[in-house]
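S.K.: turn this into a structure:
(2 chains)
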Amino acid sequence: MRQSQLFTKTRKEAPADEAAKNAQLLIRAGYIAKEMAGVYSYLPLGLRVVEKIKQIVREEMNAIAGQELIMTALQRKELWESTGRWDDEVVDVWFKSSLKAGGEVGFGWSHEEPIGEMMKGYISSYKDLPISVYQFQTKLRNEMRAKSGVMRGREFVMKDMYSFCADEESHLTYYESTKPAYMKVFERLGIGDDTFVTFAAGGAFTKFSHEFQTICEAGEDITYINKEKGIAINEEVLNDETLESLGITREELTETKTAEVGNIFNFGQQKAEDLGLMVKNKDGESIPVWMGSYGIGITRLVGVLVEKFADEKGIVWPEAVAPFKVHLVGLNSDDAEVKDFTDGIYLSLKEKGVEVLYDDRDLRAGEKFADSDLIGLPYRIVVSRKTKEEGKFEVVTRASGEVRLLTEEELYNDFDNDSNT
RNA sequence: CGGGGCGUAGCAUAGUGGUAGUGUUCUCGGUUUGGGACCGAGUGGUCCGAGUUCGAUUCUCGGCGCCCCGACCA
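M.R.: Residues are numbered from 1 along each chain as shown, chains lettered A, B, ... in the order given. Predicted coordinates:
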């Protein structure tokens, strides 16, 4: 994409009403725009990042037999009343409204009830199971206090998946299979080494739920971690009983600030029982379905990645989620010959299938470099009168600052879409 | 929801009970051209409402909004 056609602009200064690094940088670089506290619009660059993350999650959920769907944002009051969760005293994050035709509706803060209810129409026998479905949904939660930029908003995108099984064994097998699937997601996002399956407060059915906590200074959680043993415990369940059951001592754990990027819940049969989601087993008896729910905070991950990898110059995207792989910075663009030459490089890269943002604006070098650093694409290729004459292109790796000089041929080989540059 | 802070131009900021200033952005002209360069000109502003006052951006009250700490986070 040509940067001259991108409607967003970078800003030198961070907005005064944002204290969080992720929001400051994302706004300055033109990825997001603030609508109100805890509510952000995703602009062209930001949307590309969100879609990249979604695609990685999608691939890994599909790999464990997840079927994608999308549910509604509007939800029925009566359904939530049937499980006792319409009451504001019980669920304090409801946004509610009323229909002009009469009746009340809620805005989806979770989809456990609606998905279970809907599944009644499709599940009646153990032969129908197991089933796992997931969606990417904008969740609306009336948080008392939004904070930390995109990490704790009132409106955010989440992947939520729900599993339905006919017996405990397949249910637990599926539940366990989501852990490595989740870890693959986080590895692909470049935060695998810093993300831990964490014991956390569970639901009514199980002693623990499992969270996926990523080491992050801007996170809201405190997690006690032992990297060697791969054990992590949320402080909310850190007690003698927990330590003993996990065979570890307090001294072996390190207190760490983390951000919750995912969580999985084992509902057992309780949720289905509440909803009346039953199947016939082999003996012809009606039994409640075994259910689990599995979340990943998509837009929160955007914030976590910015927080973790940004440096003093700006954002540094992991290659897997960067809106473009290459930032082609054209200098001396007032010189028609250089400009034509740079245009040619741009078209060739595009032809090779390389995702490239081409800074074709007629600006001074310093301004372009500053913007490039701020936007944070993995590789910067500089083309100027000098490089045109010498036939060498400067390639800078954003994360490391490494500078290479490549010929045009080397450049295309290096950025061939199939390579692992 | 408890506590604290803050609302001045697109953005960032200064200041004052009496015509609101600077930087940046933006527009125009010129010089520049590998790290946000320089010179000149121009556009553009006191969150909303009530009160006090001859006069309020400033003081008082209320509202709305934003940030931070705490509580909450199924």
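S.K.: quick check: pLDDT value at the closest residue to RNA strand B within chain A.
M.R.: Residue of chain A nearest RNA strand B, by C-beta to the nearest atom of the strand: A:G366 (2.2 Å). Where C-beta positions appear, they are placed from N, C-alpha and C, glycine not excepted. Listed pLDDT for A:G366 reads 96.
S.K.: same thing with A:T421?
M.R.: pLDDT, A:T421: 44.
S.K.: what do you get for A:A204?
M.R.: For A:A204, the predicted pLDDT is 61.
S.K.: where do the helices sit along the stretch 251-400 of chain A?
M.R.: Shown for the stretch 251-400 of chain A, the helices assigned by DSSP state H, counting those that start in this stretch span residues A:270-275, A:298-309, A:336-351, A:365-375, A:385-390.
S.K.: actually the stretch 1-150 of chain A, not the one I wrote
M.R.: A:21-28, A:44-63, A:77-82, A:112-119.
S.K.: check whether the shortest one contacts RNA strand B.
M.R.: Pointing back at helix A:77-82 there. No - shown here: helix A:77-82 not in contact with RNA strand B (C-beta under 7 Å from any atom of the strand), separated by at least 9.7 Å.
S.K.: what comes up buried for that helix?
M.R.: A:77, A:79-80 (16 or more other C-beta atoms under 10 Å).
S.K.: which residues sit against stretch A:364-382?
M.R.: Stretch A:364-382 has contacts (C-beta atoms under 8 Å, 6 or more residues apart in numbering) with A:10, A:25, A:28-30, A:45, A:310, A:313-319, A:322-329, A:331, A:345, A:349, A:357, A:359, A:361, A:384, A:393-399, A:411, A:415, A:421.
S.K.: of the residues you listed, which are in range of RNA strand B?
M.R.: Filtering the contacts of stretch A:364-382 for proximity to RNA strand B by C-beta under 7 Å from any atom of the strand leaves A:10, A:313, A:331, A:384, A:394, A:396.
S.K.: how far out from the middle of the chain is stretch A:135-143?
M.R.: Offset of stretch A:135-143 from its chain centre (C-alpha atoms, centre = their mean, to the nearest Å): 13 Å.
S.K.: let's see that stretch as PDB, backbone CA atoms only.
M.R.: Output in PDB follows, covering the C-alpha atoms of stretch A:135-143 (Å, rounded to 0.1, in the frame of the first residue of the first chain):
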ATOM      1  CA  GLN A 135     -16.200 -17.100  17.100                       C
ATOM      2  CA  PHE A 136     -14.500 -13.700  17.000                       C
ATOM      3  CA  GLN A 137     -16.900 -11.400  18.700                       C
ATOM      4  CA  THR A 138     -17.000  -7.800  19.900                       C
ATOM      5  CA  LYS A 139     -17.800  -8.200  23.600                       C
ATOM      6  CA  LEU A 140     -19.500  -5.300  25.400                       C
ATOM      7  CA  ARG A 141     -18.800  -5.000  29.100                       C
ATOM      8  CA  ASN A 142     -19.900  -2.100  31.200                       C
ATOM      9  CA  GLU A 143     -16.700  -2.000  33.200                       C
END
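S.K.: tell me the average confidence for it?
M.R.: Throughout stretch A:135-143, pLDDT has a mean value of 97.
S.K.: and that stretch, anywhere near RNA strand B?
M.R.: Yes - Stretch A:135-143 lies within reach of RNA strand B by C-beta under 7 Å from any atom of the strand, at A:141, A:143.
S.K.: what does that stretch rub up against?
M.R.: Contacts for stretch A:135-143 (C-beta under 8 Å, 6+ apart): A:38, A:54, A:57-58, A:68-71, A:73, A:92-95, A:107-111, A:152-161, A:298.
S.K.: so, low pLDDT: which residues of the stretch 101-250 of chain A?
M.R.: A:203-204 (pLDDT under 70).
S.K.: now the strands: where do they sit in the stretch 1-150 of chain A?
M.R.: A:32-36, A:39-42, A:67-68, A:74-76, A:95-98, A:104-107, A:131-140 (DSSP state E, counting those that start in this stretch).
S.K.: okay, those, which one's buried deepest?
M.R.: strand A:131-140 (a mean of 19; mean count of other C-beta atoms under 10 Å).
S.K.: got the domain ranges for chain A?
M.R.: Following automatic domain parsing, chain A resolves into domains at A:17-73+A:108-309, A:326-414.
S.K.: what's the end-to-end length of the first one?
M.R.: Across domain A:17-73+A:108-309, the straight-line distance between its terminal residues is 22 Å, by C-alpha to C-alpha, to the nearest Å.
S.K.: what residue is smack in the middle of chain A?
M.R.: A:I298 (2.5 Å; C-alpha atoms, centre = their mean).
S.K.: who touches it in this structure?
M.R.: A:50, A:53-54, A:57, A:136, A:156-159.
S.K.: let's see 6 Å
M.R.: Contact analysis of A:I298 by C-beta atoms under 6 Å, 6 or more residues apart in numbering lists A:53-54, A:157, A:159.
S.K.: okay, now the closest residue to A:E217 other than its chain neighbours: neighbour count?
M.R.: Leaving aside its sequence neighbours, A:E217 sits nearest to A:K257 (C-beta to C-beta, 6 or more residues apart in numbering; 5.6 Å). The burial count assigned to A:K257 is 14, neighbours taken as other C-beta atoms under 10 Å.
S.K.: give me the pLDDT value at A:K257.
M.R.: 96.
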